[in-house]
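*Asks:* Here is the input, now give the coordinates:
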Amino acid sequence: MMPVIFKKFIAAVLTAVFAVSLVSCGSSGDKLAKEGKEQYSEGNFSGALATFLNAEKSGLKSFNKAELYSCIGNCYFQLDDYDKSIEYQTKSLEEDPEYFDGWVNLGVVYRQSGDNEKAMTCYEVALNYDPENGASLQLYVSLGALYIELGKPISAITYLEKAEAVSKDVPDVYAYLAIAYAMALEPEKSDTAFSKAQSLGYPNMSEIQEQINKIDE
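*Replies:* All right, here's what the predicted structure looks like:
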C-alpha cells in the first residue's frame, strides 16, 4: 500500500498539469471540449467525460486532439477506471509524442495503479521534453518519493536536490530529503533537512520521524 505521505502528490501533479487555460473554439467539437474542461474544473467528472467523448465524435477544428485524449484519460482516472485512463493517455501520446501533460498524466495513472517503474519512466520523459514546465517541481518531488519507496536514496536525493534548486520554500522537498539522507547514511544532512521541513510547516513531521527511526534501527 502506498504510504500516506506519498499519496497527495498524485492529486497535486494531476491538478498542476490540468490547470491550463480554456480555449475559445469554433467547431461544435471545440465548443464541447471547452465545456468539458469547465465541467472537469467544477468536479463533474462523469459529465465532463460524456462531453469530451461527444467532442471527439463531433470532430475538432482548433482544439488540440492530444489534449482532448488526455482530458478524457483524466476523467477516467478520477472515476477510478485506470485501464481506460491509460488507454486514452496513450492515445494522447500517439497523437503527440512530446506532449508534456500526456506523459505526466500517464505517469500519475501508473503511480496510482502501483506500477512505479512505468510512472518514473513517464515522469522522466516529461522532464526531458520540457524541464522548465510549471509542473516540473512536483515531478522532481514525485520522482524523489518514488525512489525512496524503491530503496534508492541516491537517485531520490538527485531529484529532490533539483526540486530544492527550483524552490527553497517547499516543505515537502525537505521532508523527503530528510528520509533520503537518512537512508544514504548522512545523518547531519538528514537532521538539517528535517529541521527545515519543520520550520516551513510540513504537517506530518511525526510520520517523517517514524520513517527515519525505522531506518536507524
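
*Asks:* contacts and neighbour counts: CA atoms only from here.
*Replies:* Will do.

*Asks:* ok, which stretches of this structure are helices?
*Replies:* 4-18, 28-41, 45-58, 65-78, 82-95, 100-112, 116-129, 136-149, 153-166, 171-183, 187-199, 205-216 (DSSP state H).

*Asks:* For the ones you listed, give me CSV that also has mean pLDDT and mean neighbour count.
*Replies:* Rendered in CSV, the data for the helices of the chain read as follows (pLDDT from 0 to 100; neighbours: other CA atoms under 10 Å):
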stretch, mean pLDDT, mean neighbour count
helix 4-18, 53, 16
helix 28-41, 91, 22
helix 45-58, 93, 19
helix 65-78, 95, 25
helix 82-95, 96, 20
helix 100-112, 91, 26
helix 116-129, 89, 19
helix 136-149, 88, 24
helix 153-166, 92, 20
helix 171-183, 95, 27
helix 187-199, 96, 19
helix 205-216, 90, 14
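
*Asks:* isn't residue 39 right up against residue 48?
*Replies:* Yes: taking contacts as CA atoms under 8 Å, residue 39 lies within contact range of residue 48: 5.2 Å.

*Asks:* list residues touching both of the two?
*Replies:* Residues touching both residue 39 and residue 48 by CA atoms under 8 Å, 6 or more residues apart in numbering: none at all.

*Asks:* Contact partners for the nearest residue to residue 130 once chain neighbours are set aside?
*Replies:* Closest residue in space to residue 130, ignoring its immediate chain neighbours: residue 100 at 6.6 Å, by CA to CA, 6 or more residues apart in numbering. The contact partners of residue 100, taken as CA under 8 Å, 6+ apart, are 126, 127, 129, 130.

*Asks:* Residue 52 and residue 208, how far apart?
*Replies:* 41 Å (CA to CA, to the nearest Å).
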